[in-house]
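A.B. asks: sequence first, predicted model second:
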Amino acid sequence: MIIGEFCDVFPPETDGVGVVCRRYTEGLDALGNECWYVAPGGAKEAPVPFRTLLFRALRIPRMAYRFGFPFFDRSFIKKLDAVAFDVCHAHSPFLAGRIARRVARRRGVPLVATFHSKYYDDFLKATHSRLLARIGVRYVVSFFNQCDAVYTVSRQAAEVLRSYGYQGELRVLPNGTEEWNPSGTAEEYLSTLLGPNYPKEPLFLFVGQQNWKKNIRLILDAFALYREKNGAGRLLLVGQGPDLHAIRTYAGKIGVGDATFFTGQISDRDLLLRIFAAADLFLFPSLYDTFALVVREAAIAGTPSIVAEGSCAAEDVEDGKNGFLCRPDDPEDMEAVIEKALPLAREVGEIARTTLPRPWPEILSEIGSHYVALAEEKKNDLSRKSKRRKRKKKTKGAIVS
């Protein structure tokens, strides 16, 4: 099959959705398909080991996104129209979704979309208006209503989309995790970054967008309580995002600035997983994420996670067995969970390694089979419509004569 994976982000700037889109592109290609990553690009792009169709765009300052006008980029449109796609998969209802919808309509092929994000939360933060957020959500639902198939990455994500008003069919397809064969440890990297007390003190880790919506304030407040009680501990925050400066400032304000370290974006997966393996606990109490791929990455490295009870990230986590649950708005509770989890971390991490991740090839094989079924169904549906139009035209002609 010739497959288009349409996304609003492209390496090196990326987020969780971008990571998933790349895994789809590379994995489906490895299964014998011709897969294209369609996204906004920049003036110069570093070479990547997969097919791309990029339109000119400008990077949005302090964010992992670029914005452009693909329909005015003649070179891009010409290249896009030259690819005989069999299926178009949109990983966003916005710019990427509009391009995917255009191609699918012109080609008469299935339009698939994945619900990755809690868009109401994004709209509310951007506009500070519940009315505008509701209007934005109506646009999102309208887009998904135009798709031939809609995926969500977790059962709770499906409930969120239902709460937005979507009433169509849904298919839950979780994200996968790549295998990892460690090439060493992160000790040298971390010793340089964290100073001489590493690894004598517990190391806590967060990986993701530096954005308050990830509940990072809870992490910092709980970490401050832990430091106050124990006089030790290091917190490492990996990633970039719009609130990086504010998060750094807040860490200093509550007295843990000297024990909180920021790495920026780490694109080297082996190094990142070695950092995961070096951490005692992975702290991810986000209520925003619809699927926490990083929790699975931590599990691959044998590190257990503390996640917020009731969150999508907690969907497959059993408290005290393959991870730990905390209340989403209570720093004292999270600190108590940290104290409880530390002595059990190694044992629980090993159970997490065997129970939480699902390999990408397994997921992508299922997706590929679904693409084939959708393409066949779409072809048959168009054939039936064509026959009905011909019969109608023939009947009209007979009546006129």
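C.D. replies: In hand now; what should we look at? Numbers count the residues shown, from 1 in each chain.

A.B. asks: so where do the helices sit in the stretch 201-350 of the chain?
C.D. replies: Secondary structure of the stretch 201-350 of the chain (DSSP state H, counting those that start in this stretch): helices at 216-230, 244-253, 269-278, 293-300, 331-341, 345-355.

A.B. asks: the bottom helix or strand of this protein by mean pLDDT?
C.D. replies: strand 66-68 (a mean of 77; mean pLDDT, DSSP states H and E).

A.B. asks: what sits up against that strand?
C.D. replies: 9-10, 13, 40-42, 55-60, 95 (C-beta atoms under 8 Å, 6 or more residues apart in numbering). For glycine as for every other residue, the C-beta is placed from the backbone atoms N, C-alpha and C.

A.B. asks: look up which residues are beta-bridged to Phe261.
C.D. replies: Beta-bridge partners recorded for Phe261 (DSSP bridges): Leu236.

A.B. asks: pLDDT (mean, whole number) over the one helix or strand Lys125 maps to?
C.D. replies: If you go by DSSP states H and E, Lys125 is part of helix 119-127. Helix 119-127 carries an average pLDDT of 90.

A.B. asks: ranges for the strands of the protein?
C.D. replies: Per DSSP state E, the chain carries strands over the ranges 2-6, 34-41, 51-59, 66-68, 87-90, 111-115, 149-152, 171-172, 203-207, 234-238, 260-264, 281-284, 305-308, 324-326.

A.B. asks: next, count neighbours for Leu283.
C.D. replies: 30 (other C-beta atoms under 10 Å).

A.B. asks: in the sheet, who's paired with it?
C.D. replies: Beta-bridge partners of Leu283, as defined by DSSP bridges: Ile306.

A.B. asks: list the contacts of it.
C.D. replies: 204-206, 219, 222-223, 235, 305-306, 334, 338.

A.B. asks: of all the residues you listed, which comes closest to Gly32?
C.D. replies: Ser305 (34.8 Å; C-beta to C-beta).

A.B. asks: okay but the closest one is in contact with Val317, surely?
C.D. replies: Yes: the criterion here is C-beta atoms under 8 Å, and Ser305 meets it with Val317 at 7.0 Å.

A.B. asks: overlap in contacts of the two?
C.D. replies: With C-beta under 8 Å, 6+ apart, Ser305 and Val317 have common neighbours 295, 323-324.

A.B. asks: of all the residues you listed, which comes closest to Thr355?
C.D. replies: The nearest one, if we look at the shared contacts of Ser305 and Val317 relative to Thr355 and count by C-beta to C-beta, is Gly323, at 9.2 Å.

A.B. asks: hang on, the closest one packs against Glu309?
C.D. replies: No: taking C-beta under 8 Å as the definition, Gly323 is not a contact partner of Glu309, at 10.9 Å.

A.B. asks: more neighbours: those two, which one.
C.D. replies: Gly323 (29 against 14).

A.B. asks: so how far is Ala113 from the more buried one?
C.D. replies: 30 Å (C-beta to C-beta, to the nearest Å).

A.B. asks: give the buried residues for stretch 112-129.
C.D. replies: 112-120, 122-124 (16 or more other C-beta atoms under 10 Å).

A.B. asks: for stretch 129-146, same thing?
C.D. replies: 133, 136-137, 140-141, 143-144.

A.B. asks: how far off centre is it?
C.D. replies: With C-alpha atoms, centre = their mean, to the nearest Å as the basis, stretch 129-146 stands 20 Å off its chain's centre.

A.B. asks: end to end, how far does stretch 23-36 reach?
C.D. replies: 12 Å (C-alpha to C-alpha, to the nearest Å).

A.B. asks: use 50 as the first number from now on
C.D. replies: OK, 50 is where the count begins now, so the last one is stretch 72-85.

A.B. asks: got a list of contacts for it?
C.D. replies: Contacts of stretch 72-85 (C-beta under 8 Å, 6+ apart): 50-54, 86, 98-102, 132, 134, 138, 224-225, 227, 409-410, 413-414, 416-417.

A.B. asks: 6 Å instead?
C.D. replies: 50-54, 86, 99-100, 102, 409, 413, 417 (C-beta atoms under 6 Å, 6 or more residues apart in numbering).

A.B. asks: Ile416: neighbour count?
C.D. replies: 22.

A.B. asks: now Ala422
C.D. replies: Neighbours around Ala422, by other C-beta under 10 Å: 12.

A.B. asks: on that earlier part again, which of the shared contacts of Ser354 and Val366 lies closest to Glu426?
C.D. replies: Once C-beta to C-beta is applied, the member of the shared contacts of Ser354 and Val366 that ends up nearest Glu426 is Val344, at 34.3 Å.

A.B. asks: now that closest one: how far from Lys174?
C.D. replies: 23 Å.

A.B. asks: same check on Gly217?
C.D. replies: For Gly217 relative to Lys174 (C-beta to C-beta), the value is 27 Å.
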